[in-house]
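> Need a 3D model of the sequence below.
(8 chains)
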There are 8 protein chains.
Amino acid sequence: MIMAMAYVLINTELGKETELMKELKSIEGVKEVYFVYGVYDIIVKVEAESVEKLKEVVINKIRRIDKVRSTLTMMVIT
Amino acid sequence: MIMAMAYVLINTELGKETELMKELKSIEGVKEVYFVYGVYDIIVKVEAESVEKLKEVVINKIRRIDKVRSTLTMMVIT
Amino acid sequence: MIMAMAYVLINTELGKETELMKELKSIEGVKEVYFVYGVYDIIVKVEAESVEKLKEVVINKIRRIDKVRSTLTMMVIT
Amino acid sequence: MIMAMAYVLINTELGKETELMKELKSIEGVKEVYFVYGVYDIIVKVEAESVEKLKEVVINKIRRIDKVRSTLTMMVIT
Amino acid sequence: MIMAMAYVLINTELGKETELMKELKSIEGVKEVYFVYGVYDIIVKVEAESVEKLKEVVINKIRRIDKVRSTLTMMVIT
Amino acid sequence: MIMAMAYVLINTELGKETELMKELKSIEGVKEVYFVYGVYDIIVKVEAESVEKLKEVVINKIRRIDKVRSTLTMMVIT
Amino acid sequence: MIMAMAYVLINTELGKETELMKELKSIEGVKEVYFVYGVYDIIVKVEAESVEKLKEVVINKIRRIDKVRSTLTMMVIT
Amino acid sequence: MIMAMAYVLINTELGKETELMKELKSIEGVKEVYFVYGVYDIIVKVEAESVEKLKEVVINKIRRIDKVRSTLTMMVIT
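Numbers count the residues shown, from 1 in each chain, chains lettered A, B, ... in the order given. Alright, predicted model coming up:
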């Protein structure tokens, strides 16, 4: 059951967009990954069974990738 | 066929969040609507058959709702 | 037991700062209220027994006050 | 025929502004390049025959230049 | 002779985008007007014979239109 | 003796810039007032004998003027 | 006696969040440290006996840690 | 005669604030330098005889210092 969901906006290392998208898609809990125009480069939808699992994905998986420069996480209010 | 997609971040009239979410969900092309914590209040995923249709939904539907105070549209790069 | 916590940064109606601080302090779950210099005017610390209760305080209490112009909610990751 | 257009705001490596402007001007599809005062350092107008070509210029040309630190792309709605 | 140039990013009254674009286009010195996706709604290019004339256009013409909610002016460095 | 100093960036009611500048200049403690290009419209330098006096000027004088829409106060670290 | 207080929002080196939180907690004057979702990664509450001491903690202690990438300091108005 | 003036907000290399302030003060045209709390770290007031000289100071002097990470320049409208 999905208990926690968040959108993560990502600024990437410039020129590493395609590689990063592949890495993001391979992470468990990452449901959608799109490249977008604007201040941020990539939008990611994350779903998890609990708030703890969500944290695990955002902090220990997504933010650990070296092509990720900065993140803005918007937690979905359910 | 989906040819154009965008995420729209919305700042709502304060206290009108629930009503606005209902209105947004009734718009054709609006696929997902979530309330989020952060600088923006609501995130909306829009899909359309063409860039013109997408514009129609964002400019003539979503931005015309009076409970919408401001929008940040991130077009998905396909 | 405290299970959910958030900091809410508030932009106030100009000139209504003192009144608003009093109203905020009277809300259950609001633990600290300070006036700050910067882009935001007031910082509020909210504690609740659950994520649902937290949402209740932020969305249905704080954001409903008419002197509140906009909010940025940062959920604490526990 | 021009089918897609965008403005790209660029933050440059500090001290590399002049060189970068020259490189930007040599990219096909880049129509105007100006140095501006404000949060961003350079504004670029890009025109392309299609949304795909536009993406090619922004992602694979402009963002690949090492003197470019970050970009904000505003797609023109035609 | 053009001596001063600026890009003005505009946030519009929601739902008044088309009317505003017409008004902007009728202002002397306004050379280009586009509707864009992102944080801002419209981008305007202004050219004038002097810094004083430029100020006149931005402050006394563009910012006086009631459909304009806020502006970000980036002066071109020539 | 000057013990506390701050710069206040102001967003004005559009079209009320000149009037507002006059009002600001008449406030005790306001030392410099300039109209600027960018995200903010006016920059104000405030000096006071104490942190309390500075607060008085920023909160009870500047922010009370109805032509002021929002402020960003940067306190000088002495 | 507490005479000066501030909240410091911190952007961390990605992947160094846990280590940084430990370091921050060991600084005298740092009263609360939380990891948050949003544009910033960590929020810190600092208390000091004087404005000078506060500056010392923010500038010479917190900002000197190499895992700190950038800070936004909001001084509490007492 | 002063013909052009600007405020430059600076983000510094963390931990290099004091050195940078000294360097900034030694630049011709730099009239005031203060350390501030907020999103930016230092505010600089620049005065020059012409718009060209101003550009020279901002682009070729201030932005060339390696301790300067990014700048936001607000040109004063005279």
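> A:Val33: what secondary structure?
Recorded secondary structure, A:Val33: strand (DSSP: H, G, I helix; E, B strand; the rest coil).
> Repeat that for the one 10 residues further on.
Here A:Ile43 takes the strand state, with states given by three-state DSSP.
> Residues in a beta bridge with it, which ones?
Beta-bridge partners of A:Ile43, counted by DSSP bridges, are A:Leu9, A:Tyr34.
> ok now do it, which residues does it touch?
Taking CB atoms under 8 Å, 6 or more residues apart in numbering or on different chains, we find A:Ile43 in contact with A:Tyr7, A:Val8, A:Leu9, A:Ile10, A:Glu32, A:Val33, A:Tyr34, A:Val36, B:Tyr7, B:Met74, B:Val76. Where you see a C-beta, it was placed from the backbone N, CA and C, and this is true even at glycine.
> how about a cut-off of 6 Å?
A:Leu9, A:Tyr34, A:Val36, B:Tyr7 (CB atoms under 6 Å, 6 or more residues apart in numbering or on different chains).
> ok, now how distant is A:Ile10 from chain H?
Relative to chain H, A:Ile10 is positioned 20 Å away (CB to the nearest CB, to the nearest Å).
> Is stretch A:65-78 in proximity to chain H?
No. Stretch A:65-78 is not in contact with chain H by CB under 6 Å from any CB of the partner chain; minimum separation 13.6 Å.
> Is chain D within reach of that stretch?
No. Using CB under 6 Å from any CB, we find that stretch A:65-78 stays clear of chain D, coming within 8.3 Å at best.
> That stretch: which residues count as buried?
A:Ile65, A:Lys67, A:Val68, A:Arg69, A:Ser70, A:Thr71, A:Leu72, A:Thr73, A:Met74, A:Met75, A:Val76, A:Ile77 (16 or more other CB atoms under 10 Å in any protein chain shown).
> Find the pair from these with maximum spatial separation.
Using CB to CB, the pair of the buried residues of stretch A:65-78 lying farthest apart is A:Lys67 and A:Ile77, separated by 29.4 Å.
> What about the spatially closest residue to A:Ile27 that is not a sequence neighbour, how many residues nearby?
Of all residues not flanking A:Ile27 in the chain, A:Lys61 sits nearest, at 4.9 Å (CB to CB, 6 or more residues apart in numbering or on different chains). By the criterion of other CB atoms under 10 Å in any protein chain shown, A:Lys61 has 17 neighbours.
> Look up how far E:Val44 lies from A:Lys61.
Computed as CB to CB, to the nearest Å, the A:Lys61 to E:Val44 distance reads 43 Å.
> Name all residues that make contact with A:Lys55.
Counting by CB under 6 Å, 6+ apart, A:Lys55 makes contact with C:Ile77.
> Can you report phi and psi for it?
phi -60, psi -50 (degrees, to the nearest 10).
> re the thing from before, hmm, which two among the contacts of A:Ile43 are most spread apart?
A:Leu9 and A:Tyr34 (10.6 Å).
> what about those two, which has more around it?
Neighbour tally, A:Leu9 and A:Tyr34, criterion other CB under 10 Å: the higher count belongs to A:Leu9, 22 against 19.
> ok, the more buried one touching A:Val39?
No. Applying CB atoms under 6 Å as the test, A:Leu9 and A:Val39 come out as separate, 8.1 Å apart.
> Check what pLDDT the residue in chain A positioned nearest to chain E gets.
As assessed by CB to the nearest CB, chain E sits closest to A:Gly38 within chain A, at 5.3 Å. Looking at A:Gly38, its pLDDT stands at 93.
> what helix or strand is A:Ser70 on?
Secondary structure from DSSP states H and E places A:Ser70 in strand A:68-77.
> ok now do the residue of chain A found nearest chain F, which residues does it touch?
Residue of chain A nearest chain F, by CB to the nearest CB: A:Val39 (13.8 Å). By CB under 6 Å, 6+ apart, A:Val39 lies in contact with D:Leu72.
> Off-centre distance for stretch A:45-61?
9 Å (CA atoms, centre = their mean, to the nearest Å).
> biggest helix in chain A, by residue count?
helix A:17-25 (DSSP state H).
> now the angle from that helix to strand A:68-77?
40 degrees (axes from the mean of the first three to the mean of the last three CA atoms, to 10 degrees).
> and the strand holding A:Ser70, what does it pack onto?
On a contact count with 3 or more CB pairs under 6 Å, 6 or more residues apart in numbering or on different chains; DSSP states H and E, strand A:68-77 meets strand A:4-12, strand B:30-36.
> Could you look over those and pick the most buried one?
strand A:4-12 (a mean of 22; mean count of other CB atoms under 10 Å in any protein chain shown).
> tell me the mean pLDDT for it?
Mean per-residue pLDDT for strand A:4-12: 96.
> Work out the gap between that strand and the centre of the chain.
Put simply, strand A:4-12 sits 4 Å off its chain's centre (CA atoms, centre = their mean).
> And the strand holding A:Ser70, how far out from the chain middle?
Distance, centroid of strand A:68-77 to centroid of chain: 7 Å (CA atoms, centre = their mean).
> ok, it: who's next to it in the sheet?
According to DSSP bridges, strand A:68-77 has the following sheet partners: strand A:4-12 (antiparallel), strand B:30-36 (antiparallel).
> contacting residues around the longest one?
What it means is strand A:4-12. Residues outside strand A:4-12 that contact it (CB under 6 Å, 6+ apart): A:20, A:40-48, A:50-51, A:54, A:62, A:67-76, B:43.
> Tell me the spacing between the residue of chain A closest to chain F and D:Thr73.
According to CB to CB, A:Val39 and D:Thr73 sit 9 Å apart.
> still on that earlier bit, D:Ile27 is nearest to which of the helices and strands packed on strand A:68-77?
Per CB to CB, nearest to D:Ile27 of the helices and strands packed on strand A:68-77: strand A:4-12, 20.1 Å.
> Report the backbone C-alpha coordinates of that closest one in CSV.
Taking C-alpha atoms only, strand A:4-12 is exported to CSV below (Å, rounded to 0.1, in the frame of the first residue of the first chain):
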residue,chain,number,x,y,z
ALA,A,4,3.8,8.3,1.3
MET,A,5,4.4,10.1,-1.9
ALA,A,6,6.6,13.0,-3.0
TYR,A,7,7.7,15.0,-6.1
VAL,A,8,11.4,15.7,-6.3
LEU,A,9,12.6,18.5,-8.5
ILE,A,10,16.2,18.0,-9.5
ASN,A,11,19.0,20.2,-10.9
THR,A,12,21.4,18.0,-12.7
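> rewinding a little: relative to H:Met5, how far out is the closest residue to the residue of chain A closest to chain E other than its chain neighbours?
Closest residue to A:Gly38 apart from its sequence neighbours, by CB to CB, 6+ apart: B:Met74 at 4.4 Å. Distance from B:Met74 to H:Met5, counting by CB to CB: 37 Å.
> mind listing what's buried in the lowest-mean-pLDDT helix or strand in chain A?
Here the helix or strand of chain A ranked lowest by mean pLDDT, DSSP states H and E is helix A:51-55, holding a mean of 92. By neighbour count on 16+ other CB under 10 Å, the buried set for helix A:51-55 is A:Val51, A:Lys53, A:Leu54, A:Lys55.
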